[in-house]
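Asks: Structural data only, the sequence is not supplied:
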């Protein structure tokens, strides 16, 4: 036996992990996976909200272009609900009347307010622009 110790390694018992080490490892794994899933979920919510805003902007710009392309824009307000569930309020009003009184044109401000998301979490955005029109073409509703 004495020679075995000099030439070889002493016999050791191989041990596995203790129950405490396994529980700590699983706990760390669970916390890490939970945090990653929460971050992923938050990213999906932000992405969905972003898509809603992009869709609303595209539709609001289309409505604004529709109003601007009219030959005879009249002062007034209108409201409508689209088949997709968006609510659109359009307002056309005269601005700078004192400054343009002696000129052959008028300046109109066009505002398109867009609503979406239902009553509980309704979101909105407003696009505004101005357009000059010939004085005889500007009318009233």
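Replies: Received the coordinates, thanks. This structure is a prediction, so every number in the text was calculated from the model and none was measured. Residues are numbered from 1 along each chain as shown.

Asks: what number of residues lie near the closest residue to residue 115 other than its chain neighbours?
Replies: Ranked by C-beta to C-beta, 6 or more residues apart in numbering and with sequence neighbours excluded, the top spatial neighbour of residue 115 is residue 87, at 4.1 Å. Any C-beta I mention is one placed from the backbone N, CA and C, and that applies to glycine too. The local packing of residue 87 (other C-beta atoms under 10 Å) involves 14 other residues.

Asks: where in this protein is pLDDT low?
Replies: 1-14, 136-141 (pLDDT under 70).

Asks: Helices of that one, start to end?
Replies: All helices of the chain, identified by DSSP state H, fall at 2-7, 19-68.

Asks: Go through the ones you listed and pick out the most buried.
Replies: Per residue and on average, the most neighbours among the helices of the chain fall to helix 19-68, with a mean of 11 (mean count of other C-beta atoms under 10 Å).

Asks: just checking, what packs against that helix?
Replies: Using 3 or more C-beta pairs under 8 Å, 6 or more residues apart in numbering; DSSP states H and E, the elements in contact with helix 19-68 are strand 87-95, strand 105-116, strand 123-134.

Asks: want to try TSV for these, with distance to residue 69 as columns?
Replies: Below are those laid out as TSV (distance: least, C-beta to C-beta, whole Å):
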stretch	distance to residue 69
strand 87-95	13
strand 105-116	11
strand 123-134	10
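
Asks: Residue 38: which of these is closest?
Replies: Shortest distance between residue 38 and the helices and strands packed on helix 19-68, using C-beta to C-beta, is found for strand 123-134: 23.7 Å.

Asks: The residue nearest to residue 126 when sequence neighbours are not counted: neighbouring residues, count only.
Replies: In space, residue 126 comes closest to residue 113 once its chain neighbours are excluded; the distance is 4.6 Å by C-beta to C-beta, 6+ apart. The local packing of residue 113 (other C-beta under 10 Å) involves 17 other residues.

Asks: Touching, residue 106 and residue 94? I think so.
Replies: Yes. Residue 106 lies in contact with residue 94 (C-beta atoms under 8 Å); the separation is 5.8 Å.
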